[in-house]
Structures are given as structure tokens and as C-alpha cells.
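Student: A predicted structure for the sequence below; I have some questions about it.
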Amino acid sequence: RHGSIPSIEDATSVLHQCFSNSLFTVGERNDEIEFTVPSTGQAGKVPVGTVKDCLHEMFFDASNPESLLHALLASILSCPVDLRVSMLRNISLVGGGVAGIPNFERKLLKALFAFFDPADESVGAVTAKFK
């Protein structure tokens with residue numbers, strides 16, 4: 001039976017319970033993590049893979065101003081205008097976090113291409129979409 005989590009506080013608590021569970025770091029994708037929704041006392045289970053997939057997708061969510069995509073674009077927009085295209089063409093991915101997310105490079109590029117709608121090449125439209 002599927003339910004919903006009624007508040008952001010409950011969602012934060014459920015995520016904390018998932019992160020604190022040893023299965024989150026060492027479990028298989030199909031292993032289930034048990035949690036309790038604080039405001040309702042409702043117990044539930046969620047596969048480790050589902051939690052990880054949701055977290056990974058948040059990095060590339062164009063509608064989330066706290067996403068990695070927005071951080072990257074904010075960095076690019078802080079560069080002089082004549083360097084921005086060059087900066088976008090020369091992104092290097094380094095660090096252990098990149099290896100921890102399957103298909104990180106492909107997902108990042110897909111999110112970037114989706115963000116810059118090729119049908120509308122005006123700079124104003126891109127800037128308005130970012131803000």
C-alpha cells in the first residue's frame with residue numbers, strides 16, 4: 001500500500017531515517033529500508049535504489065534552485081560573457097561523488113541540453129528560464 005508523506009518535516013525525518021540506516025550505504029538496490037512517518041506514526045518500507053535514484057535526480061532538477069544544475073549555471077553566468085561558451089565546452093568532472101552516481105556525466109549533459117531549449121536560441125529566454 002502506498003501512502004504520502006504529509007509535510008516537509010516528515011519528509012526530512014524519513015530521509016534522515018534512510019540515511020542513518022546501514023542498508024543505505026552497503027545494501028543492495030532491492031533491499032528495503034524501514035521508516036516511520038512522525039506525524040502519523042505510519043510505518044513503511046522503501047527500496048534503497050528508489051531513495052538513491054530520487055536523491056540523484058535532485059542534482060539535475062532544473063526547477064530546483066538548489067540543484068547542481070543551477071550551481072553550475074550560476075558559475076557560468078558569473079564569468080565574462082565572452083568566456084561563457086568556452087566554459088560550458090570545458091567542464092571537467094572530478095572527485096569521488098561523480099563515480100558514486102551512475103551515468104553522472106550523461107545525466108548532467110542531458111539536463112544542460114534540456115535547460116537550453118534549442119528551439120529558442122535567444123539569450124533573454126535562457127536568462128529568464130534560469131532566474
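Tutor: Sure, I can see it. Residues are numbered from 1 along each chain as shown.
Student: can you map out the helices along this structure?
Tutor: Listed from the start of the chain, the chain has helices (DSSP state H) covering 8-20, 22-26, 48-59, 68-77, 84-89, 96-100, 104-115, 123-130.
Student: Would you mind giving these as TSV with distance to T36 added?
Tutor: For the C-beta atoms, the positions are set from N, CA and C on the backbone; glycine is no exception. Shown next, in TSV, are these (distance: least, Cβ to Cβ, whole Å):
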stretch	distance to T36
helix 8-20	7
helix 22-26	16
helix 48-59	15
helix 68-77	30
helix 84-89	44
helix 96-100	27
helix 104-115	32
helix 123-130	39
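Student: out of these, nearest to F35?
Tutor: Proximity of the helices of the chain to F35 was assessed by Cβ to Cβ; the nearest stretch is helix 8-20, lying at 4.4 Å.
Student: for that closest one, packing partners?
Tutor: strand 32-36 (3 or more Cβ pairs under 8 Å, 6 or more residues apart in numbering; DSSP states H and E).
Student: hmm, back to that, which stretch in the helices of the chain is the model least sure about?
Tutor: Averaged per stretch, pLDDT over the helices of the chain is lowest on helix 123-130, reaching a mean of 44.
Student: circling back: could you provide the helices of the chain in CSV, with additional columns for mean neighbour count and distance to Q42?
Tutor: Formatted as CSV, the entries for those read as follows, by neighbours: other Cβ atoms under 10 Å; distance: least, Cβ to Cβ, whole Å:
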stretch, mean neighbour count, distance to Q42
helix 8-20, 14, 9
helix 22-26, 11, 20
helix 48-59, 16, 17
helix 68-77, 16, 32
helix 84-89, 12, 45
helix 96-100, 10, 31
helix 104-115, 14, 32
helix 123-130, 12, 38
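Student: Figure out which of these is closest to G41.
Tutor: helix 8-20 (10.8 Å).
Student: between the closest one and helix 48-59, how many degrees?
Tutor: Our comparison of helix 8-20 with helix 48-59, counting by axes from the mean of the first three to the mean of the last three Cα atoms, to 10 degrees, yields an angle of 120 degrees.
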